[in-house]
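Visitor: A predicted structure for the sequence below; I have some questions about it.
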Amino acid sequence: MSTRIAFLKGHGTENDFVIVPDPENAIDLPPAAVAALCDRRAGIGGDGLLHVVRSAAHPEAEGMAAEAEWFMDYRNGDGSVAEMCGNGVRVFARYLQRAGHVTEGDLAVATRGGVKTVHVAKDGDVTVGMGRAVLPEGDVTVRVGERSWTARNVNMGNPHAVAFVDDLSHAGDLLSPPPISPAAAYPDGVNVEFVVDRGAGHVALRVHERGSGETRSCGTGACAVAVAAARRDGADPTVTGAPATYTVDVPGGTLVITERPDGEIEMTGPAVIVAEGEIDADWLETATSA
């Protein structure tokens, strides 16, 4: 490992990430190292980590190298591996633009949830093609204290349980994962969204992200919420033949989600790089072994 390791810090609607550029996949980032970097008091701080690797250099992505040069090796804040992160893809693409690897326009990004299409504006918002939602059969139940709700099971490359509530305060403190039943519906854990209506085609959410706790935003969660709202509202684009667009307020800002008649979902929102610097490798080694 080199003496110092480059990093950047970025966010998408305040869902924030440590970014570690590593084109040749030469930096070892075990779960303890990721958790140390994402620690908000003793580390850099972030909801997760974006490990930037060329697809051809990573064993999980080399099969996608012909479609996408770059692989988003995403980790949750606790160091666990995740399939996808919608806000993370936008920030990942913004980093590639900043570093000169891509210019504004269209590009493809490999993720564990498949190859995602991205449109990067020179300034302003980034749009990500999030693929199609999968809606497993059977509802699930979410509980917080004495309250419980029937939730919609939505998979956006990662699992979500979407519960419509009367007030976002009913979600509680979201410090620990809300209990879900049946537990077998999510063998690897789940992201849980609590949603209220703000108006026609306009909702707001709070989210507990698997492996990170409550976050200021969740891109795949916003997409799952828009899909669940469209089905609830009788606006399934695959049935009506018309796109369904929802404005989704998250604690850190606003995302716009559109589901097209072919089932493809697009998410548009900001992506910002706020800082860059170097990680002291000796500190990281000490923090990892502590």
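Guide: That came in fine, so what should we check first?

Visitor: pull out the buried positions in the helix or strand of the chain with the lowest mean pLDDT.
Guide: Lowest by mean pLDDT, DSSP states H and E among the helices and strands of the chain is helix 281-289, with a mean of 88. Buried residues in helix 281-289, counted by 16 or more other C-beta atoms under 10 Å: 284, 287-288. For the C-beta atoms, the positions are set from N, CA and C on the backbone; glycine is no exception.

Visitor: other SSEs contacting that helix?
Guide: With contacts taken as 3 or more C-beta pairs under 8 Å, 6 or more residues apart in numbering; DSSP states H and E, helix 281-289 sits against strand 4-12, helix 31-38.

Visitor: is it true that Glu276 touches Gly10?
Guide: No. Under the criterion of C-beta atoms under 8 Å, Glu276 makes no contact with Gly10, lying 9.3 Å away.

Visitor: one step back: Thr215: which of the helices and strands packed on helix 281-289 is closest?
Guide: Nearest to Thr215, of all the helices and strands packed on helix 281-289, is strand 4-12, at 10.3 Å by C-beta to C-beta.

Visitor: put the alpha carbons of the closest one into PDB.
Guide: Output in PDB follows, covering the C-alpha atoms of strand 4-12 (Å, rounded to 0.1, in the frame of the first residue of the first chain):
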ATOM      1  CA  ARG A   4      -0.800   8.100   1.100                       C
ATOM      2  CA  ILE A   5      -4.100   7.300  -0.700                       C
ATOM      3  CA  ALA A   6      -6.100   9.900  -2.700                       C
ATOM      4  CA  PHE A   7      -9.700  10.400  -1.700                       C
ATOM      5  CA  LEU A   8     -12.600  12.800  -2.500                       C
ATOM      6  CA  LYS A   9     -15.800  13.500  -0.700                       C
ATOM      7  CA  GLY A  10     -19.100  14.000  -2.500                       C
ATOM      8  CA  HIS A  11     -22.900  13.800  -2.000                       C
ATOM      9  CA  GLY A  12     -26.100  13.500  -3.900                       C
END
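
Visitor: and it, how far out from the chain's middle?
Guide: 17 Å (C-alpha atoms, centre = their mean, to the nearest Å).

Visitor: which other helices and strands does the helix or strand just after that strand contact?
Guide: Downstream of strand 4-12, the next assigned helix or strand under DSSP states H and E is strand 15-21. Using 3+ C-beta pairs under 8 Å, 6+ apart as the contact test, the elements touching strand 15-21 are strand 4-12, helix 31-38, strand 48-54, helix 86-98.
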